[in-house]
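Asks: With the sequence up front, the predicted model follows.
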Protein chains: 2
Amino acid sequence: MNPYLCAMNFKNDLLLRAAKGEDIERYPVWLMRQAGRILPEYREIRNSLSGFKELVETPELAAEVTIQPVDLLDVDAAIIFSDILVIPEAMGLEYQMIEKKGPHFEKTIKGESDLEKYAQTDFDVEDRLGYVTEAIKITTKELDGRVPLIGFAGAPWTIFCYMVEGSGSKTFSKSRKLLYTNPTLAHELLNRITDVTIRYLKAQIKAGANLVQVFDSWAGILGTEQYQEFGLKYINKIVKSIDSVPVTVFSKGAYGSLPSIASLNCNTIGLDWNMNINHVRDIVGENKTLQGNLDPCALYASHEEIEKMTKNMLNSFKSKRHIVNLGHGVYPDIDPERVKTFIKTVKNYEI
Amino acid sequence: MNPYLCAMNFKNDLLLRAAKGEDIERYPVWLMRQAGRILPEYREIRNSLSGFKELVETPELAAEVTIQPVDLLDVDAAIIFSDILVIPEAMGLEYQMIEKKGPHFEKTIKGESDLEKYAQTDFDVEDRLGYVTEAIKITTKELDGRVPLIGFAGAPWTIFCYMVEGSGSKTFSKSRKLLYTNPTLAHELLNRITDVTIRYLKAQIKAGANLVQVFDSWAGILGTEQYQEFGLKYINKIVKSIDSVPVTVFSKGAYGSLPSIASLNCNTIGLDWNMNINHVRDIVGENKTLQGNLDPCALYASHEEIEKMTKNMLNSFKSKRHIVNLGHGVYPDIDPERVKTFIKTVKNYEI
């Protein structure tokens, strides 16, 4: 059990109660990528460093930017500032984050012979990813129970995509090709990623994370059968291995796989902005919390429009099992004042 | 009425019969992007030219590469070799096709004042897009009724995306932003694109196209309500304006909008590889033909596997209202012999 979760009396534990289906007096709200470029205070710290990775790897600074949106935007949860690609790096595949282009891996997984060097599992997570757990410990201490802290990892399929493709891609056709040409290697790599991810999430929980979210950013490029075999099977292993904190699964774009996602043993399902909340509720039933899903582009609208669209979304909720968020990470050029309007609208809404 | 369609006795009109829901003796098959880089014969012509656009704009050569897959792959339809971006160019927005990067527009639509110059409608389609209709005339003559010829255009929403964003994008957030910040401008631009597209498709039909397909490549980035308002509304105008040939609508990624797509007055609905055929059939009913949808990556597998996966797909069909295709354009590094295996499997399959 997470000692912090037991010992701590949260001043605001709405997120955890909503995730567990307990009673709430109002809907909790936070934003994916809330710790990031929308805040001038973040950009100031970021600009003083050599790059994005230095910020990820410096626990005191990662903790500081993690807490910024709690102080500045008044969200109901913090999410540790990090990147899903720390996992492939810990496994032996170094990456660079190239400004305006995204991640780039010099090496990729092409065959069985690459596994030993570039898909290592035989290491202590604290040794290689101690900077994340240290950032979580500092954040937990500094938050001092104000709001819960969310830990996270990429889903095995999404991590696999980067390890095989080596960068972002519209189609990830190299990654998908491997599912057809060498499914044995694909499963071996997915098993390795899953193994490390479980240990990583457990280390985050031990360090103080009060809820964990699994991000499957590239779920939407697989059909339902392949997503079951190469995606959900491994997410299910992760979900089953974690019982001390609530778990959220966000499979972006996987509209067709929602019936299978609904059968995962997780507490919360993240919805992207294209998913119709009531349609998803019909598929998923009442035993899961739904998280999302205002279109991040809606925050480009006027304050009045944002308030109206947010209320429309809240009015569409038919139960208390909701955590409010956007349907994707907040875009970097969004005005923080508009984010505040979104958050205030949720907080002022009477259930 | 299209004089060619009336006058012509096709040697193979399976595509048209399947689209109209008439009886067929076997399923017709063609591939999106069949005229293109998979064929060495295409690459030879392409490499002798200054660039992709020269090929698009040279009717004799466009006709030649259009017919190549009929000769070499034995498909049941030809599709005119062209690009959806000829429409914004005709409207005043020139584009470049940058090798390995995709399209780039120097100018984009930012406000009302850009419409007059960069979203023109007051021109004769034959004047500015005569190279496409000329290519269709040559192709029709040279095909001489062997198989039908498909004409096409981008859907207004997808064309809008490029005219506002200026290039490809993962999120098209500039294009989507405009829907919130200036919906009046968005609708004005969509109306203009729709107007030109209708005239363009009618010109293609007059020149000899026997079926037209509307490609909405970026349908999947809008939620159901926005796709109705900014996407399907304009597709519907196009579909309603064309009555002389069958119409196919391919809204890639629009899983949540399938019930609305089903109510369009089109003959055929294109499915991407993530859409479960039987699930879609349940939503759409029996009055539409479905086109698709083998995963393009499946063609990386062995010949035996391709045959097996193709047969599995065919076995899942519950009626004759199917046109076989991939769920996306064929990837350029696919072995043409594997494409032939896919095609042969469909042709040898007994309904």
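Replies: Ah, there it is.

Asks: separation between the residue lying closest to residue A:269 once chain neighbours are set aside and chain B?
Replies: Distances taken as CB to CB, 6 or more residues apart in numbering or on different chains put residue A:288 closest to residue A:269, at 5.3 Å, once the chain neighbours are dropped. The way it works is simple: take the backbone N, C-alpha and C, and place the C-beta from them, glycine included. Distance of residue A:288 to chain B, computed by CB to the nearest CB, to the nearest Å: 18 Å.

Asks: can I assume residue A:288 is in contact with residue A:265?
Replies: No: look at residue A:288 against residue A:265 with CB atoms under 8 Å: they stay out of range, at 10.2 Å.

Asks: and those two? which has more neighbours close in?
Replies: It is residue A:288, of residue A:288 and residue A:265, that has more neighbours when counted by other CB atoms under 10 Å in any protein chain shown, with 22 against 11.

Asks: Got the confidence number for that one?
Replies: On pLDDT, residue A:288 comes in at 98.

Asks: same question, residue A:99
Replies: On the pLDDT scale, residue A:99 gets 84.

Asks: and if you look at residue A:351?
Replies: Confidence score, pLDDT, at residue A:351: 91.

Asks: my guess is it meets residue A:26, correct?
Replies: Yes: taking contacts as CB under 8 Å, residue A:351 lies within contact range of residue A:26: 5.9 Å.

Asks: neighbour count winner among those two?
Replies: Of the pair residue A:351 and residue A:26, residue A:26 is the one with more neighbours under other CB under 10 Å, namely 17 against 12.

Asks: Next, the contact list for that one, please.
Replies: A:14, A:346, A:347, A:349, A:350, A:351 (CB atoms under 8 Å, 6 or more residues apart in numbering or on different chains).

Asks: swap the cut-off to 7 Å and go again
Replies: A:347, A:349, A:351 (CB atoms under 7 Å, 6 or more residues apart in numbering or on different chains).

Asks: again, but for residue A:108
Replies: Contacts of residue A:108 (CB under 7 Å, 6+ apart): A:163, A:164, A:165, A:166.

Asks: Now for these, which sits with the most neighbours around it?
Replies: residue A:163 (28 neighbours).

Asks: what's around residue A:350, how many residues?
Replies: Residue A:350 - counted by other CB under 10 Å - has 6 other residues nearby.

Asks: Please report how far it lies from chain B.
Replies: Applying CB to the nearest CB to residue A:350 and chain B gives a distance of 25 Å.

Asks: Could you do residue A:248 as well?
Replies: For residue A:248, the distance to chain B - CB to the nearest CB - is 21 Å.

Asks: One more: residue A:14?
Replies: 26 Å.

Asks: How about that residue: what's its closest non-neighbour residue?
Replies: Residue A:14 sits nearest to residue A:28 (CB to CB, 6+ apart), 3.8 Å away.

Asks: can you pull out the strands in chain A?
Replies: Secondary structure of chain A, counting by DSSP state E: strands at A:78-79, A:95-98, A:102-105, A:149-154, A:211-216, A:247-251, A:268-270, A:289-294, A:322-326.

Asks: Tell me which residues are up against the fifth one.
Replies: Identification of contacts with strand A:211-216 by CB under 7 Å, 6+ apart yields A:15-16, A:19, A:84, A:148, A:150-155, A:157-158, A:201, A:204-205, A:231, A:235, A:238, A:242, A:245-252.

Asks: what about residue A:273, distance to residue A:299?
Replies: 11 Å (CB to CB, to the nearest Å).

Asks: Looking at those two, which one has more neighbours?
Replies: Each of residue A:273 and residue A:299 has its neighbours counted (other CB under 10 Å); residue A:299 has more, 26 against 20.

Asks: Quick check: the more buried one touching residue A:343?
Replies: No: in this structure, residue A:299 is not within contact of residue A:343 by CB atoms under 7 Å, at 10.7 Å.

Asks: so where do the helices sit in the stretch 251-351 of chain A?
Replies: A:258-262, A:277-284, A:303-316, A:336-348 (DSSP state H, counting those that start in this stretch).

Asks: can you redo the strands of chain A as a markdown table with mean neighbour count?
Replies: Shown next, in a markdown table, are those (neighbours: other CB atoms under 10 Å in any protein chain shown):
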| stretch | mean neighbour count |
| --- | --- |
| strand A:78-79 | 26 |
| strand A:95-98 | 16 |
| strand A:102-105 | 17 |
| strand A:149-154 | 23 |
| strand A:211-216 | 24 |
| strand A:247-251 | 26 |
| strand A:268-270 | 24 |
| strand A:289-294 | 24 |
| strand A:322-326 | 27 |
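
Asks: I'd like those as JSON lines, with distance to residue B:209 appended.
Replies: Listed next are those as JSON lines, based on distance: least, CB to CB, whole Å:
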{"stretch": "strand A:78-79", "distance to residue B:209": "52"}
{"stretch": "strand A:95-98", "distance to residue B:209": "44"}
{"stretch": "strand A:102-105", "distance to residue B:209": "40"}
{"stretch": "strand A:149-154", "distance to residue B:209": "45"}
{"stretch": "strand A:211-216", "distance to residue B:209": "41"}
{"stretch": "strand A:247-251", "distance to residue B:209": "40"}
{"stretch": "strand A:268-270", "distance to residue B:209": "44"}
{"stretch": "strand A:289-294", "distance to residue B:209": "40"}
{"stretch": "strand A:322-326", "distance to residue B:209": "42"}
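
Asks: among the ones you listed, which is nearest residue A:313?
Replies: Proximity to residue A:313, assessed across the strands of chain A by CB to CB, is greatest for strand A:289-294 (5.7 Å).

Asks: how about the closest one as CSV, C-alpha atoms only?
Replies: In CSV, the C-alpha atoms belonging to strand A:289-294 read as follows (Å, rounded to 0.1, in the frame of the first residue of the first chain):
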residue,chain,number,x,y,z
THR,A,289,-15.6,6.9,-14.2
LEU,A,290,-15.2,8.8,-17.5
GLN,A,291,-12.6,11.5,-17.8
GLY,A,292,-12.7,14.3,-20.4
ASN,A,293,-13.4,15.6,-22.9
LEU,A,294,-13.8,19.2,-24.0
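
Asks: so what secondary structure elements neighbour it?
Replies: strand A:268-270, helix A:277-284, helix A:303-316, strand A:322-326 (3 or more CB pairs under 7 Å, 6 or more residues apart in numbering or on different chains; DSSP states H and E).
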